[in-house]
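In: Here is my input; please provide its structure:
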Amino acid sequence: QVKNATNQIVMNCADIDIITASYAPEGDEEVHATGFNYQNEDEKVTLSFPSTLQKGTGTLKIDFVGELNDKMKGFYRSKYTTPTGDTRYAAVTQFEATDARRAFPCWDEPAIKATFDISLVVPKDRVALSNMNVVDRKPYPDDENLVEVKFARTPVMSTYLVAFVVGEYDFVEARSQDGVLVRVYTPVGKAEQGKFALEVAAKTLPFYKDYFNVPYPLPKIDLIAIADFAAGAMENWGLVTYRETALLIDPKNSCSSSRQWVALVVGHELAHQWFGNLVTMEWWTHLWLNEGFASWIEYLCVDHCFPEYDIWTQFVSADYTRAQELDALDNSHPIEVSVGHPSEVDEIFDAISYSKGASVIRMLHDYIGDEDFRKGMNLYLTKFQQKNAATEDLWESLEKASGKPIAAVMNTWTKQMGFPLIYVEAEQQEDDRVLKLVQKKFCASGPYTGEDFPMWMVPISICTSDDPTCAKMQILMDKPELTVVLKDTKPEQWVKLNLGTVGFFRTQYSPDMLEALIPAIQDLSLPPVDRLGLQNDLFSLARAGIISTVEVLKVMEAFVNEPNYTVWSDLSCNLGILSTLLSHTDFHEDIQAFVRDVFSPIGERLGWDPRPGEGHLDALLRGLVLGKLGKAGHKATLEEARRRFKDHVEGKHILSADLRSPVYVTVLKHGDSSTLDTMLKLHKQADMQEEKNRIERVLGAISQPELIQKVLTFALSEEVRPQDTVSVIGGVAGGSKQGRKAAWKFVRDNWEELYNRYQGGFLISRLIKLTVDGFANDKMAAEVKAFFESHPAPSAERTVQQCCENILLNAAWLKRDADNIHHFLAQRRGPPAT
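Out: Residues are numbered from 1 along each chain as shown. The predicted structure follows:
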């Protein structure tokens with residue numbers, strides 16, 4: 001549509017050469033463009049015409065040549081190996097956020113929606129897929145080896161959701177209850193491995209249809225595994241692309257955590273078919289709406305499909321605590337971020353958009369209640385379908401449905417960065433408990449001392465030992481200080497804030513309130529998610545220097561009877577952080593001994609082999625505990641791991657998938673060059689990407705300097721898929737003190753190659769974070785800062801600032817607490833352990 005007379009047309013275009021372009025006004029002569037002026041910086045092209053194009057509609061025709069690139073973005077080639085061992089390429093797309101313009105010239109912004117009629121001319125023995133169903137397939141006149149495949153017209157949609165794939169695939173299919181044809185496309189010969197995802201998808205579509213009360217709008221949906229893929233998956237409308245490890249499950253060789261991961265990712269991408277695809281964010285500032293929402297509802301969906309996963313407890317350790325860790329930094333950012341240049345878009349695909357977004361939506365859902373929340377969602381999706389919306393629009397719909405001040409509350413969570421620390425103390429007055437609450441911004445560097453006084457509207461639930469699973473009181477804290485009276489609360493009852501760890505804040509209890517809660521950890525009367533939250537809050541308070549680390553270590557000892565996988569998982573993460581910190585001291589062995597002491601009772605209770613009647617969570621817990629004990633050098637665990645590894649390698653007794661990671665990491669950590677060679681051989685032989693990744697992630701556990709170099713060289717070799725190089729280097733950095741130094745040097749020495757490989761993209765941010773986050777002295781922070789000043793990575797700028805901040809925080813923590821920790825660990829060891 002020409003809205004005003006003009007002799008120029010400006011559109012997005014990147015790495016494309018235009019041969020000819022013409023504009024034909026409806027019912028008039030076509031006019032050929034006489035000039036193409038590329039603005040490469042802005043990824044735009046200006047087409048100039050010899051005469052003025054008058055107001056009205058017309059057709060723009062462009063003949064152009066583009067490149068099937070190796071950058072895992074735009075229209076790119078993905079390398080795969082056929083069952084007979086030949087190397088071939090598939091042609092696939094990844095357009096979000098701003099790369100449709102690399103496949104065809106277009107107006108590449110989420111609010112400029114259109115319908116798409118797509119035809120692909122492809123070799124006749126290849127599978128060709130796009131967003132819609134095939135409506136015609138005919139021989140291509142100029143070449144008998146080609147066919148022209150024509151797809152149905154799409155609904156009105158954004159460019160970043162357009163997709164096409166050309167390659168060799170097998171598939172499995174099913175129809176969902178509501179008649180949608182669901183297919184999972186797999187590498188040739190692996191159709192069997194698509195069945196699990198197919199089941200999840202077929203169950204999920206009707207669940208969302210019912211939840212939103214809006215039907216899935218397309219006739220079909222395909223889920224397809226792509227060999228070279230930068231993200232986890234991409235929600236292209238009707239053609240969702242995945243990394244192989246996020247889609248394929250082999251009943252024999254896939255571990256429990258992989259099944260869970262596939263279920264979550266399928267749930268996440270299918271949610272986008274409504275939330276994102278049918279209703280799209282107005283601009284990238286509102287990306288969080290898409291991602292935060294899908295990252296929340298994927299858990300709701302998995303909980304519906306697999307109640308035995310106890311997935312909401314896992315949400316707290318996977319998303320909630322991760323988001324709080326990042327959001328306590330001075331270099332965090334608000335959920336809503338203004339975005340200008342395309343390179344700034346890549347940068348906001350981070351834990352704030354996804355995990356903090358999901359956490360505040362979980363808090364909001366809890367505050368509104370499920371029924372009104374669903375009503376509001378339906379209002380929103382119906383009102384804006386095939387259109388675009390901003391954050392405010394969602395608040396308005398939810399406010400209408402619930403009658404609560406949603407916008408006022410939520411603006412404090414999305415428009416300012418950070419979150420509050422709530423300090424609470426209690427006083428008994430006859431039969432009542434009087435609580436005094438104070439909120440202040442929580443900072444990773446210690447008590448908040450800023451000039452301004454950021455404030456949040458915080459929904460707070462309070463429970464007592466009377467009924468730990470039910471809120472005795474719910475309040476909305478909308479001022480800096482608040483006094484609350486809990487009626488009929490006896491002196492011997494404990495009081496806990498933030499039931500279910502749903503509110504996005506941390507709690508600091510007065511010493512006597514905390515003391516009363518410790519027995520409730522030991523006797524498990526506090527629910528798992530609350531035990532986890534309590535421990536995690538304490539750990540972060542210690543990290544920030546608000547309490548002593550020794551106090552947390554003492555609380556950690558109270559977890560000896562802990563049966564819950566997720567609680568152990570969070571404990572394990574925190575001990576890992578502490579262990580990394582103390583690798584910079586000469587008493588690193590003492591923290592290993594502490595880990596062995598904390599984990600060996602549960603290790604002995606679990607043993608190595610599953611018992612009848614065990615489920616998903618037992619398998620996850622066993623893997624976690626054995627891996628932790630093995631890495632920490634627990635003698636019996638190490639010996640058994642070596643024995644089982646030998647049997648596995650010799651083919652006498654193949655390790656179950658759930659035991660592979662813990663065994664691999666244990667033998668490598670305490671292994672030599674022949675152990676590493678054996679692992680690399682297993683890697684080469686592995687047919688499944690999941691097994692290759694499993695090995696890649698643990699290689700960094702090896703500790704001899706020359707072997708560390710070998711692993712780093714391997715990371716950039718042809719043996720490792722480009723998107724997986726990052727986890728190999730990250731594994732080395734996280735594996736040992738020597739590894740950390742070597743990985744950082746390796747990244748600096750190979751910077752050109754790594755940067756070109758991931759050009760912008762969030763993999764570069766991930767690489768930087770994994771490599772340097774574990775350092776702990778001021779000199780290193782300066783070195784990192786200086787390196788990236790001379791080697792700029794625009795899309796990772798914020799990540800670099802966050803890493804430097806983390807290094808300085810680690811250094812301060814070490815200075816502050818190392819001696820106390822050393823003293824505590826030494827005196828608890830007494831005589832050397834046998």
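In: C-alpha only now, for contacts and for neighbours.
Out: Will do.
In: by contact count, what packs against the helix or strand bottoming out on mean pLDDT in the chain?
Out: Taking mean pLDDT, DSSP states H and E as the measure, the helix or strand of the chain with the lowest value is helix 342-347, at a mean of 75. Contacts defined by 3 or more Cα pairs under 8 Å, 6 or more residues apart in numbering; DSSP states H and E place helix 342-347 against helix 761-772.
In: which residues sit against the helix it packs on?
Out: The contact list for helix 761-772, computed with Cα atoms under 8 Å, 6 or more residues apart in numbering, reads 230, 346-347, 349, 723, 726-727, 729-730, 733-734, 740, 743-744, 754-755, 758, 784, 795-796, 799-800, 803, 807.
In: go with 7 Å
Out: Helix 761-772 is contacted from outside by 346-347, 726, 730, 733, 740, 743-744, 755, 758, 795-796, 799, 803, using Cα atoms under 7 Å, 6 or more residues apart in numbering.
In: same check, this time on stretch 635-653
Out: Identification of contacts with stretch 635-653 by Cα under 7 Å, 6+ apart yields 626, 629-630, 654-655, 663, 666-667.
In: Could you list the buried residues of it?
Out: With burial defined by 16 or more other Cα atoms under 10 Å, the residues of stretch 635-653 counted as buried are 637-638, 640-642, 644-645.
In: ranges for the helices of the stretch 701-834 of the chain?
Out: With DSSP state H, counting those that start in this stretch as the criterion, the stretch 701-834 of the chain has helices at 705-715, 725-735, 737-749, 751-758, 761-772, 778-790, 797-829.
In: Out of the ones you listed, which one sits most buried?
Out: helix 725-735 (a mean of 26; mean count of other Cα atoms under 10 Å).
In: what's the angle from that one to helix 761-772?
Out: Helix 725-735 and helix 761-772 meet at an angle of 20 degrees, taking axes from the mean of the first three to the mean of the last three Cα atoms, to 10 degrees as the criterion.
In: Output the contacting helices and strands for helix 725-735.
Out: Here helix 725-735 touches helix 689-698, helix 705-715, helix 737-749, helix 761-772, going by 3 or more Cα pairs under 7 Å, 6 or more residues apart in numbering; DSSP states H and E.
In: Ok, which of the ones you listed comes nearest Asp466?
Out: Smallest distance to Asp466 across the helices and strands packed on helix 725-735 (Cα to Cα): 44.2 Å, for helix 761-772.
In: Using PDB, write out every CA atom in that closest one.
Out: This file holds the C-alpha atoms of helix 761-772, laid out as PDB (Å, rounded to 0.1, in the frame of the first residue of the first chain):
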ATOM      1  CA  GLY A 761      23.400 -14.000  19.000                       C
ATOM      2  CA  PHE A 762      23.000 -15.000  22.600                       C
ATOM      3  CA  LEU A 763      25.500 -17.900  22.400                       C
ATOM      4  CA  ILE A 764      28.300 -15.300  22.600                       C
ATOM      5  CA  SER A 765      26.800 -14.000  25.900                       C
ATOM      6  CA  ARG A 766      26.500 -17.500  27.200                       C
ATOM      7  CA  LEU A 767      30.100 -18.200  26.300                       C
ATOM      8  CA  ILE A 768      31.400 -15.100  28.100                       C
ATOM      9  CA  LYS A 769      29.400 -15.800  31.200                       C
ATOM     10  CA  LEU A 770      30.400 -19.400  31.500                       C
ATOM     11  CA  THR A 771      34.000 -18.600  31.000                       C
ATOM     12  CA  VAL A 772      34.600 -15.700  33.400                       C
END
